[in-house]
Every structure is written in structure tokens, then in C-alpha cells.
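Engineer: sequence below, structure please.
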Amino acid sequence: MLIEKSSFKRDHLKNVTVLLTGGGGGIGYEAARALTWLGANVVIAEIDTTTGMQAQTVINKELNTDKVWFYPIDICNVQELDIMKLSINNRFGAVDVIFNNATVTPFGAIESVSIQDWDQSYFVNVRAPVLLIQKFLPDMLKRNAGVIVFVPSSGAAPYMGVYEVFKTAQVELCNTLAGEMEDTNIITYAIGPGLVKTKTAQKGIETIARLMNMSTEEFYRDNEGQILDAEAAGTGFAISVALAKQYNGQEIGSIQALMDGGVYTQHTIDRSTLMLNEEQREEYKLRLGKIV
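Structural biologist: Modelled structure (predicted):
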């Protein structure tokens, strides 16, 4: 596992309970693996029963543990969130970390995307994180401890508006919450994964590439200096939790967490950006992790 190359020892996050939304596959799944290796109790809050149960089974077996618990839920449903909160509190005592990883990625031209897709993007990418804050933050404030993580995507891009508008809003939500929590021990930050070839992302990229009159291969080739694999991105997510205090109030990328956690070195980054000129390389280092 990539997390084993980090500067952290096994069980660094022992007794920490992480509520990870959308952790059944892709980056979320890899984040769950790395968090579990770090010793955290990981609640995978996932709407897809098949992938959620598989993630629980595979990770627990791989790491010889029972720390991963799949909880089937539609995080947009207020009543289901209330029941989930009771269930988690009964099992683990409390939630220490909320990791807002769940997302939907409807892509297309602004005028052609259905209002239903706009509504769904709002519900999952903005409303659900707000609901989770409202459900769990009061208990965190009572304990004066907790971490709330957002996974935004910053920057306007053609044919990604229905996704970007609401994912960018997570940055403002994070900044607002950080200001409100300034005199507490509640930590909040935002982390972007980078361009990762998950099944969800690839489906969206196919749509974008077609609308831009290019092939998916051309799209990925044009952005090859910004691509991480799912394990790297997810490991960055997990490391960010371990380093949460130093990221409070910030917007970072997975690659920064990987470097700060000792997984990636400057040499690694320089090798991955050899195709870029110096100006492009510096811009890449600043922006990597802040796009889908």
C-alpha cells in the first residue's frame, strides 16, 4: 500500500472515527483503505449497496480488521441522516471526522443539462455537506474537537458548469465555516484529488471531450502532467486527516498532502512535470488537486 511509504506509523489515527461519504469506489475507497491502515474507524456512507458492502469486506479482510463499517444511505435524505447519526454514535461513540467525498458529476452545456441534473448536483455537492454539518457539528462543539473536510473543484471549465458551480461553492462553505470556528478546536479544510481516472470521472470526461471535439485520449494526453491514480489521491486524503491541524482553513491538493506525509518527494514531482516549462511547472504545483 502506498500509505506504508509515508512517515506515519500504523494506527496513527487509532480511536478516530471518520465518516467518509461516497467511499464505495474510486478515490473514496482508496481513502478508506489508507485511513484504516492508519488505525481509524471508517464509516463508509454510500448509496450503492454493492460497492459499499464490497469495500467493507475487502478492506477489512486485506487489513485483518473490523474497523470499516458500510452504512447504506442517501445523504440527501434528512431522516436517513438522523438514523445514521444514532447508529454511528451507538457503535463508535461519536464522529471525529466528516469527509465530504461523495459527489455526482453531470457534465454538459449549461443550456442542455436538465434542471433535474442541476438539482441533483446541488443536493449532493452542497446541500448534503451542509446537512452533515448541521447534524454533527453541535456534538463536535460540545467536545470542542472535530475535523470537517470538503472536496471541492475550483475553476470554471467548459461543459462542467453543473458540477463546478456547486463544487466551487464548497470552497466558500469551507472558508465560512473556518471563520465561524476560529475560536474553537474544530478544524476544517478543503482538499482536491487532482485529475484521476475513476469510472465516474472517465464517463464525464468522455462527454466533455466530445463537446470539445476531441477524443478522450487527446484530453488525457493534454492533461497528463496533472494526473494521479486513485490510490495516490485517496492516500493524500487520508494523510490530510493525519495532518489536519496544519491545513486548517486552507485549500490544498492531494499531492501536497503526499509530499507533506513523506510519500512523494520534490524529485518525484519534478519527474512528473518534466514535460512542462518552468512557468507551467510552478503553475501545475499550485493548481494540481484543484481540478476534477
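Engineer: the helices in the stretch 51-200 of the chain, which residues?
Structural biologist: If DSSP state H, counting those that start in this stretch is used as the criterion, the helices of the stretch 51-200 of the chain fall at 78-92, 115-122, 128-143, 161-180, 199-211.
Engineer: may I have the third one exported as PDB, CA atoms only?
Structural biologist: When you say that, I think you mean helix 128-143. As requested, the backbone C-alpha atoms of helix 128-143 are provided in PDB (Å, rounded to 0.1, in the frame of the first residue of the first chain):
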ATOM      1  CA  ALA A 128     -25.600  17.200   1.800                       C
ATOM      2  CA  PRO A 129     -22.400  18.700   3.300                       C
ATOM      3  CA  VAL A 130     -24.500  21.400   4.900                       C
ATOM      4  CA  LEU A 131     -26.800  18.800   6.400                       C
ATOM      5  CA  LEU A 132     -23.900  16.800   7.700                       C
ATOM      6  CA  ILE A 133     -22.500  19.900   9.400                       C
ATOM      7  CA  GLN A 134     -25.900  20.600  11.000                       C
ATOM      8  CA  LYS A 135     -26.200  17.100  12.200                       C
ATOM      9  CA  PHE A 136     -22.700  16.500  13.600                       C
ATOM     10  CA  LEU A 137     -21.100  19.900  14.300                       C
ATOM     11  CA  PRO A 138     -23.200  20.600  17.500                       C
ATOM     12  CA  ASP A 139     -21.700  17.500  19.100                       C
ATOM     13  CA  MET A 140     -18.200  18.400  18.000                       C
ATOM     14  CA  LEU A 141     -18.700  21.800  19.600                       C
ATOM     15  CA  LYS A 142     -19.700  20.200  22.900                       C
ATOM     16  CA  ARG A 143     -16.400  18.200  22.800                       C
END
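Engineer: show me what it is packed up against.
Structural biologist: With contacts defined as 3 or more C-beta pairs under 8 Å, 6 or more residues apart in numbering; DSSP states H and E, the packing partners of helix 128-143 are strand 17-21, helix 78-92, strand 97-100, strand 146-150, helix 161-180, strand 186-192. To be clear about C-beta, it is placed using only N, CA and C from the backbone, and glycine gets the same treatment.
Engineer: the ones you listed: which one's closest to Ile252?
Structural biologist: strand 186-192 (5.3 Å; C-beta to C-beta).
Engineer: quick check: mean pLDDT across the closest one?
Structural biologist: Summarised as a single mean, pLDDT over strand 186-192 is 97.
Engineer: now do stretch 244-257
Structural biologist: Looking at stretch 244-257 alone, the average pLDDT works out to 96.
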